[in-house]
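**Student:** need coordinates for the following:
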Amino acid sequence: MKPADVRALSPEAKEQKLQELYGEWRDLRFQEAVGQMTATTRIREIRKDIARVKTIQTEAQRAVERSA
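**Tutor:** Predicted coordinates for the structure are as follows:
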């Protein structure tokens, strides 16, 4: 997921995307623990996507605080 794609989402959609990523991350960690992991690089991608969404949420929050 590219930063421009995340910035284009509404705040509610960002939160929804974050929840989806956390759910997928949880499932992949479970698969890894059980030994059924096939997409080992996907965990890293999800962690980066989560960080990207959270960073953009923080940027938006700080922009609102600066304008107020």
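**Student:** mind naming the longest helix for this protein?
**Tutor:** helix 40-67 (DSSP state H).
**Student:** run the chain-centre distance for that one.
**Tutor:** 6 Å (CA atoms, centre = their mean, to the nearest Å).
**Student:** could you give the mean pLDDT of that helix?
**Tutor:** Across helix 40-67, pLDDT averages out at 95.
**Student:** next: stretch 17-30.
**Tutor:** If you average the pLDDT over stretch 17-30, you get 96.
**Student:** residue 57 contacts residue 17, doesn't it?
**Tutor:** No: between residue 57 and residue 17 there is no contact under CB atoms under 8 Å: 10.4 Å. Where you see a C-beta, it was placed from the backbone N, CA and C, and this is true even at glycine.
**Student:** so what's the closest residue in space to residue 46 that isn't next to it in sequence up against?
**Tutor:** Excluding the flanking residues, the one nearest residue 46 by CB to CB, 6 or more residues apart in numbering is residue 25, at 4.6 Å. For residue 25, the contact set (CB atoms under 8 Å, 6 or more residues apart in numbering) comprises 43, 46, 47, 50.
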